[in-house]
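Colleague: I would like to see how this sequence folds:
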Amino acid sequence: MQLKRAVITGIGALTPIGATSQAFWENLLAGVCGADRITRFDVSKFDTQFACELKDFNPEAHFSIKDARRYDRFTQYSLVASREALADAGLGKDAMDPWRAGVIWGSGIGGLETLQQEILNYAKLGKPRFSPTFITRMITNMAAGCIAIENDFRGISYASVSACASSTHALIDALNYIRLGKADVIVSGGSEAPITDTALGGFSSMKALSARNDSPKTASRPFDKTRDGFVMGEGAGALVIEEREHAIKRGAKIYAEFIGGAMTTDAFHVALPQPEGRSVEMAMKLTLDDAQIAPDAVDYINLHGTSTPAGDGPELTAVQSVFRNSLDKLHVSSTKSMTGHLLGGAGAIEAIASVLSIRDNIIPPTMNTTEVDPELNVKVDLTLGKAVKKTVNVAMSNTFGFGGHNAVVAFRKP
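Modeller: Alright, predicted model coming up:
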């Protein structure tokens, strides 16, 4: 069977450093960091008191009052990002066969804010008086469902849930579904709205978060000797993945070809990565095989790079093993140093950053890393402090999640 080819024809982003894909990209290249003290609720009793919140997000600027109340934040974010991506792709409802259009959307924890509030209300009232929209706001598939409803997409529609790897898993599923000729257009990506008391408390209690309350904007410092945890972020990223001939036929602009992806599992620990990075290494090798390219074809890798003491080392070890013969030409960076970690939405916005690095031939930087940890034995260019102009023909993006889930994707100039 001859596989179809997939391309990226639209992007949309709602992030802590920009409410559109263009604003996100410009601020990423400028090294703008989105972390600050949390404003949404009282954080005075928490060990970590900051995160990368969306700036000035007003649901009523995007939805009717009724719909704003009907959707959890993670669904609101998904709809805003997907609208931008579809508009960017020039795809209205009449531009495609609705039975061959679909949505595959990732989120690690879905409507956590809704769940938290409903349980608090129940505890306060002492009787089961739940909102009739409780379940539909909370469940993780609702973002995919609402995107499909809004656009009359009648093909495949479901949620990918694999912690921080969720949206990259969604992208790979979309790629393969299009390759098999089962769809012409799939909106894929992910969203997360985790900045809540429960998520802050939970991640903090497991010592996963940075506690640099005195300096939030420099707290996410991947590969730094003094890194102490990740910074939580929120938002969404959406990509329109389209069958190549379908895109060419309608005269669509093409950002990049989506050439490969792969998934592996650590089979090691519920929260810690396998120390030698063996499964991360295999995920990258399988992605290269799937894309039918050699390691030296890759110009840039957007690393998972969370700024955790346990996580940065295994990934770097794996990268330096797979690309050991071409490290002199390879750039890598962690854009989480600016956006924070969007959990299930991270892979989507980092895929967008990878695609835009191809379009503009520029590598976004790793910020805040002032003293590289000598124990990491770094042999690759981490792109520290500022963006680097460079021809980018192929870019990859790594995403890993609690439970040992690893997902890698690759893109190429059209």
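Colleague: quick check: Met282 is in a helix.
Modeller: Yes: checked against DSSP: H, G, I helix; E, B strand; the rest coil, Met282 lies within a helix.
Colleague: count the residues that sit near it.
Modeller: By other CB atoms under 10 Å, 18 other residues sit near Met282. Bear in mind the C-beta positions are built from the backbone N, C-alpha and C, glycine included.
Colleague: list the residues that contact the residue nearest to Ala35 when sequence neighbours are not counted.
Modeller: Excluding its sequence neighbours, the residue lying closest to Ala35 (CB to CB, 6 or more residues apart in numbering) is Pro216, at 4.1 Å. If a contact means CB atoms under 8 Å, 6 or more residues apart in numbering, then Pro216 has 35-37, 50, 231 as its contacts.
Colleague: so which elements touch the helix or strand containing Thr287?
Modeller: Per DSSP states H and E, Thr287 falls inside helix 278-291. Secondary-structure packing of helix 278-291 (3 or more CB pairs under 8 Å, 6 or more residues apart in numbering; DSSP states H and E): strand 256-265, helix 312-322, strand 394-401, strand 405-412.
Colleague: if we can go back for a sec, now secondary structure and neighbour count too, for the contacts of Pro216, in JSON lines please.
Modeller: Converted to JSON lines, the contacts of Pro216 look like this (DSSP: H, G, I helix; E, B strand; the rest coil; neighbours: other CB atoms under 10 Å):
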{"residue": "Ala35", "secondary structure": "coil", "neighbour count": "27"}
{"residue": "Asp36", "secondary structure": "strand", "neighbour count": "15"}
{"residue": "Arg37", "secondary structure": "strand", "neighbour count": "11"}
{"residue": "Phe50", "secondary structure": "strand", "neighbour count": "26"}
{"residue": "Val231", "secondary structure": "coil", "neighbour count": "30"}
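Colleague: can you put the residues you listed in TSV and add distance to Pro365 and pLDDT?
Modeller: TSV is the format used below for the contacts of Pro216 (distance: CB to CB, whole Å; pLDDT from 0 to 100):
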residue	distance to Pro365	pLDDT
Ala35	16	98
Asp36	20	98
Arg37	24	98
Phe50	21	98
Val231	16	98
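Colleague: now, among the residues you listed, which is nearest to Cys146?
Modeller: Using CB to CB, Val231 comes nearest to Cys146 of the contacts of Pro216, at 28.1 Å.
Colleague: what ranges does the stretch 1-150 of the chain have for its strands?
Modeller: For the stretch 1-150 of the chain, the strands defined by DSSP state E, counting those that start in this stretch cover 6-14, 36-37, 50-51, 101-106.
Colleague: what about the helices in the stretch 301-414 of the chain?
Modeller: Secondary structure of the stretch 301-414 of the chain (DSSP state H, counting those that start in this stretch): helices at 312-322, 336-339, 346-360.
Colleague: Gly106 is nearest to which of these?
Modeller: helix 346-360 (7.0 Å).
Colleague: what residues sit buried inside that closest one?
Modeller: If you call a residue buried by 16 or more other CB atoms under 10 Å, then helix 346-360 has these buried ones: 346-359.
Colleague: quick one, that helix and strand 256-265 angle?
Modeller: Direction vectors for helix 346-360 and strand 256-265, defined by axes from the mean of the first three to the mean of the last three CA atoms, to 10 degrees, enclose an angle of 150 degrees.
Colleague: now the helices for the stretch 51-200 of the chain?
Modeller: According to DSSP H, counting those that start in this stretch, the helices that the stretch 51-200 of the chain contains are 65-70, 73-89, 112-125, 134-138, 142-151, 166-179, 197-205.
Colleague: need those helices in JSON lines with mean pLDDT, mean neighbour count and distance to Leu29, can you?
Modeller: Below are the helices of the stretch 51-200 of the chain laid out as JSON lines (pLDDT from 0 to 100; neighbours: other CB atoms under 10 Å; distance: least, CB to CB, whole Å):
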{"stretch": "helix 65-70", "mean pLDDT": "94", "mean neighbour count": "13", "distance to Leu29": "32"}
{"stretch": "helix 73-89", "mean pLDDT": "98", "mean neighbour count": "26", "distance to Leu29": "19"}
{"stretch": "helix 112-125", "mean pLDDT": "94", "mean neighbour count": "16", "distance to Leu29": "31"}
{"stretch": "helix 134-138", "mean pLDDT": "97", "mean neighbour count": "19", "distance to Leu29": "36"}
{"stretch": "helix 142-151", "mean pLDDT": "98", "mean neighbour count": "22", "distance to Leu29": "28"}
{"stretch": "helix 166-179", "mean pLDDT": "98", "mean neighbour count": "27", "distance to Leu29": "22"}
{"stretch": "helix 197-205", "mean pLDDT": "97", "mean neighbour count": "17", "distance to Leu29": "29"}
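Colleague: turn those into TSV, columns for distance to Tyr158.
Modeller: Compiled in TSV, the helices of the stretch 51-200 of the chain are given as follows (distance: least, CB to CB, whole Å):
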stretch	distance to Tyr158
helix 65-70	20
helix 73-89	13
helix 112-125	20
helix 134-138	16
helix 142-151	6
helix 166-179	8
helix 197-205	24
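Colleague: so which of those gets nearest Ala407?
Modeller: That would be, of those and by CB to CB, helix 166-179, which comes in at 3.7 Å.
Colleague: could you export that closest one as PDB, CA atoms only?
Modeller: Provided in PDB are the C-alpha atoms of helix 166-179 (Å, rounded to 0.1, in the frame of the first residue of the first chain):
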ATOM      1  CA  SER A 166      -0.700  13.600  25.100                       C
ATOM      2  CA  SER A 167      -0.600  16.100  22.300                       C
ATOM      3  CA  THR A 168       2.400  14.600  20.500                       C
ATOM      4  CA  HIS A 169       0.700  11.200  20.600                       C
ATOM      5  CA  ALA A 170      -2.400  13.000  19.100                       C
ATOM      6  CA  LEU A 171      -0.200  14.400  16.300                       C
ATOM      7  CA  ILE A 172       1.300  11.000  15.500                       C
ATOM      8  CA  ASP A 173      -2.100   9.400  15.400                       C
ATOM      9  CA  ALA A 174      -3.300  12.200  13.000                       C
ATOM     10  CA  LEU A 175      -0.300  11.700  10.800                       C
ATOM     11  CA  ASN A 176      -0.900   8.000  10.500                       C
ATOM     12  CA  TYR A 177      -4.600   8.300   9.900                       C
ATOM     13  CA  ILE A 178      -4.000  10.600   7.000                       C
ATOM     14  CA  ARG A 179      -1.200   8.400   5.700                       C
END
